[in-house]
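A.B. asks: structure of the sequence below:
(chains A and B)
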2 protein chains.
Amino acid sequence: MYSKKNKNTSEKEKIIGVAKQLFAKKGFAATSMRDIAAAMKMSISTTYYYFKDKENLLFTILNDSGTKTLERITSVKGDSGDPAEVLKRMITMHIVLMRTNALGAKIFVEDTHNLSDDHWKIIYKQHRKIYEAYIQQLKEVQRAGMLTSKVLPITAFAILGMINWVYRWYQEDGQLTLEEIARELTQIISQGILKPENE
Amino acid sequence: MYSKKNKNTSEKEKIIGVAKQLFAKKGFAATSMRDIAAAMKMSISTTYYYFKDKENLLFTILNDSGTKTLERITSVKGDSGDPAEVLKRMITMHIVLMRTNALGAKIFVEDTHNLSDDHWKIIYKQHRKIYEAYIQQLKEVQRAGMLTSKVLPITAFAILGMINWVYRWYQEDGQLTLEEIARELTQIISQGILKPENE
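C.D. replies: Numbering: from 1, shown residues only, chains lettered A, B, ... in the order given. Purely as a prediction, here's the structure:
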């Protein structure tokens, strides 16, 4: 049965998808609501019906991307009693997420500074939670005597830096699959921070 | 003795410095030539005397930053016969460069997409040379039988990702000095990709 609500949801989702493509390609500042409406073949007023302005669209994209990332990496936490294994699974999960979230990752890195102060605070808190999830897991690894790296914040940012850079060089049609990339990066970081028997 | 040339050089350098501050703070798109002139307390036409447009300023900033990075990391190459040691020095040098180049690093990550196609090609080639410098060094390490990581491009991008993320979390007035950060990150990556005796 046709419902107005479903139509709205799917139109809204489509606008988000188109905005994501355009922001990732041209950057937030160079993209106008007019560009988004034109790519959707809808009127600009319909676009404004769903989103008050372009900044609200940016916030929605970043909020979705951050929420998904946080959900995924914390979802593996319950899996196993071995903290080093859980850490490795978090990293692998975070990298493989690039399959569906490469555009979100790019926009997070390159366009977060375009958010309003209020929205920035929300996105900052969300990414702070992602950081904290890694810190907590690193603490568990440390408590189990499996960690060799000394400074937890630097260790967490080393992990995040490696992961957040993937969108910049990974090519969907390239020689390396995302699974190979995830395996190799997880191996490098594991060997880099864990005692040999736990790599 | 006063010379017009020196005055021009220093005024030009000052414009670059101010533009760097503003681009890093507000982003390239949100900064106008008018903002730059106002911060310099000079007329907008004087600003245009030195730079044809804002994009040329962005290119100059990115080109300086990339040139300096390439010079520094390749300068350590002649230092020692031990390829693993040279690699570690490249990484440390690259991170410590953040002391004078944090704004350049931020603008490279967040604003490169605002370059014209011709300028983008030049900056892309430059960063390709930085990447190739790491690949060459990794090959030497591999030939010496000291490398554990298998896929050189992934290894190089793991290094670059860790380094290029530092601008995002390093705080000049924070608890960790840049030297501590460089030491710990170099240690993590060395342990992550080298055989134990070469870490």
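A.B. asks: what ranges in chain A fall below the confidence cut-off?
C.D. replies: Applying pLDDT under 70 to chain A flags residues A:1-6, A:79.
A.B. asks: mind listing the helices for it?
C.D. replies: A:4-26, A:33-40, A:44-50, A:54-75, A:83-96, A:98-111, A:117-143, A:152-164, A:166-169, A:178-193 (DSSP state H).
A.B. asks: most tightly packed of those?
C.D. replies: helix A:152-164 (a mean of 23; mean count of other C-beta atoms under 10 Å in any protein chain shown). In short, each C-beta sits where N, CA and C put it, glycine included.
A.B. asks: got the angle for that one vs helix A:98-111?
C.D. replies: 110 degrees (axes from the mean of the first three to the mean of the last three C-alpha atoms, to 10 degrees).
A.B. asks: adding distance to residue B:144 as columns, could you present the helices of chain A in TSV?
C.D. replies: TSV is the format used below for the helices of chain A (distance: least, C-beta to C-beta, whole Å):
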stretch	distance to residue B:144
helix A:4-26	41
helix A:33-40	53
helix A:44-50	59
helix A:54-75	37
helix A:83-96	28
helix A:98-111	33
helix A:117-143	31
helix A:152-164	24
helix A:166-169	26
helix A:178-193	18
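A.B. asks: for residue B:166, which of the ones you listed is the nearest?
C.D. replies: helix A:152-164 (7.1 Å; C-beta to C-beta).
A.B. asks: need the contact partners of the closest one.
C.D. replies: Helix A:152-164 has contacts (C-beta atoms under 8 Å, 6 or more residues apart in numbering or on different chains) with A:91, A:94-95, A:105, A:108-109, A:130-131, A:134-135, A:138-139, A:142, A:147, A:149, A:185, A:188-189, A:192-193, B:158, B:161-166, B:168-169, B:176, B:180-181, B:184-185, B:188-189.
A.B. asks: 6 Å instead?
C.D. replies: A:94-95, A:131, A:134-135, A:138, A:149, A:185, A:189, A:193, B:158, B:161-162, B:165, B:169, B:181, B:184-185, B:188 (C-beta atoms under 6 Å, 6 or more residues apart in numbering or on different chains).
A.B. asks: what does chain A have sitting close to chain B?
C.D. replies: A:27, A:29, A:110, A:113, A:149, A:151, A:154, A:157-158, A:161-162, A:165, A:169, A:181, A:184-185, A:188, A:191-193 (C-beta under 6 Å from any C-beta of the partner chain).
A.B. asks: skipping its backbone neighbours, what lies nearest residue A:137 in space?
C.D. replies: Leaving out its chain neighbours, the residue that sits closest to residue A:137 by C-beta to C-beta, 6 or more residues apart in numbering or on different chains is residue A:87, at 4.9 Å.
A.B. asks: how close does the one you found get to residue A:70?
C.D. replies: The gap separating residue A:87 from residue A:70 is 16 Å, by C-beta to C-beta, to the nearest Å.
A.B. asks: next one: residue A:62
C.D. replies: 12 Å.
A.B. asks: what of residue A:182?
C.D. replies: 18 Å.
A.B. asks: residue A:106 now?
C.D. replies: Residue A:106 sits 18 Å away from residue A:70, going by C-beta to C-beta.
A.B. asks: do the same with residue A:189
C.D. replies: In terms of C-beta to C-beta, residue A:189 sits 19 Å off from residue A:70.
A.B. asks: before we move on, what about residue A:16?
C.D. replies: 18 Å.
A.B. asks: give me the spatial nearest neighbour of residue A:129, chain neighbours excluded.
C.D. replies: Closest to residue A:129 by C-beta to C-beta, 6+ apart is residue A:70, at 5.6 Å.
A.B. asks: that neighbour is in contact with residue A:128, isn't it?
C.D. replies: No - here residue A:70 does not reach residue A:128: they are 10.2 Å apart, not a contact under C-beta atoms under 6 Å.
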